[in-house]
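Asks: what's the 3D shape of this:
(2 chains)
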Amino acid sequence: RKEVEQDPGPFNVPEGATVAFNCTYSNSASQSFFWYRQDCRKEPKLLMSVYSSGNEDGRFTAQLNRASQYISLLIRDSKLSDSATYLCAVKGGGGSYIPTFGRGTSLIVHP
Amino acid sequence: SAVISQKPSRDICQRGTSLTIQCQVDSQVTMMFWYRQQPGQSLTLIATANQGSEATYESGFVIDKFPISRPNLTFSTLTVSNMSPEDSSIYLCSVGQGAGEQFFGPGTRLTVL
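Replies: Here you go, the predicted structure:
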């Protein structure tokens, strides 16, 4: 089983839709969790960290479920500019701070 | 936050040659990471470079093929040696402190003919 798994998609949604991605992780001792956005031919950039109590940033909501070992990202009122690949990342656990990335979920928002 | 620059941004190389990629960070960091990302694929960690010690390589990557230098806390190089077309990829330098977020350089797009 891979350490961090994501559905690669693509998720193809119309503008204004709500879309959610999940990411499962295998190391129960993981300490920190992140969502990154990667545009085509660009480097990944942090979208948001994921906190235990859940957190929101505008149209984006991130949740952590430690019991089931997954994190989620919810995007409301999708915009064309949200089209990108979304990578989850997990860090910590066992004293290692080497990040583990999922393979990314591709989102396409169409008019 | 950290600002990372990489050189070159892209290169086209002949098979059998070597290319050294430079990564410069605007602040001192303990751990620097080198990733490879092939078209449409996920990030693959090549190695972790700590200042003052040898790099730690992930399974499938060896020092002879990807020698790494880490002369100080703000700089690292990755060399792709004896290149073949299979080495065509984007190579990304990354830094992160402890359990915090990772920052990435803009990447080096390598094409091997």
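
Asks: for the residue nearest the centre of chain B, list each beta-bridge partner.
Replies: Centroid-nearest residue in chain B, with C-alpha atoms, centre = their mean: residue B:34, separated by 3.4 Å. With DSSP bridges applied, residue B:34 shows beta-bridge pairing to residue B:47, residue B:93.

Asks: quick one: contacts for residue 81?
Replies: You didn't say which chain, so I picked chain A. Going by C-beta atoms under 8 Å, 6 or more residues apart in numbering or on different chains, residue A:81 touches residue A:109. In short, each C-beta sits where N, CA and C put it, glycine included.

Asks: actually it's chain B I care about, not the one you picked
Replies: Residue B:81 makes contact with B:18, B:64-67 under the criterion C-beta under 8 Å, 6+ apart.

Asks: of the residues you listed, buried ones?
Replies: By neighbour count, with 16 or more other C-beta atoms under 10 Å in any protein chain shown, the contacts of residue B:81 hold B:65-67 as buried.

Asks: tell me the residues of chain B that contact chain A?
Replies: Contacts of chain B with chain A, taken as C-beta under 8 Å from any C-beta of the partner chain, map to B:31, B:33, B:41-43, B:45, B:48, B:92, B:94, B:96-107, B:109.

Asks: in PyMOL, select just the buried ones from those.
Replies: PyMOL command restricting the residues of chain B next to chain A to the buried ones, with burial defined by 16+ other C-beta under 10 Å:
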select buried, chain B and resi 31+33+42+43+45+48+92+94+96+100+101+102+103+104+105+107+109
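
Asks: strands - which of the residues of chain B next to chain A land there?
Replies: Mapping the residues of chain B next to chain A onto strands (DSSP state E) picks out B:31, B:33, B:45, B:48, B:92, B:94, B:96, B:102-104, B:109.

Asks: OK, contacts around the residue of chain B found nearest chain A?
Replies: For chain B, the residue closest to chain A is residue B:42, as judged by C-beta to the nearest C-beta, at 3.4 Å. Neighbour list for residue B:42: A:87, A:101-104 [criterion: C-beta under 8 Å, 6+ apart].

Asks: burial count for residue B:11?
Replies: Using other C-beta atoms under 10 Å in any protein chain shown, residue B:11 has 15 neighbouring residues.

Asks: now do the nearest residue to residue B:22 once chain neighbours are set aside, the pLDDT please.
Replies: Residue nearest to residue B:22 in three dimensions, not counting chain neighbours: residue B:7, with 4.7 Å by C-beta to C-beta, 6 or more residues apart in numbering or on different chains. Looking at residue B:7, its pLDDT is 97.
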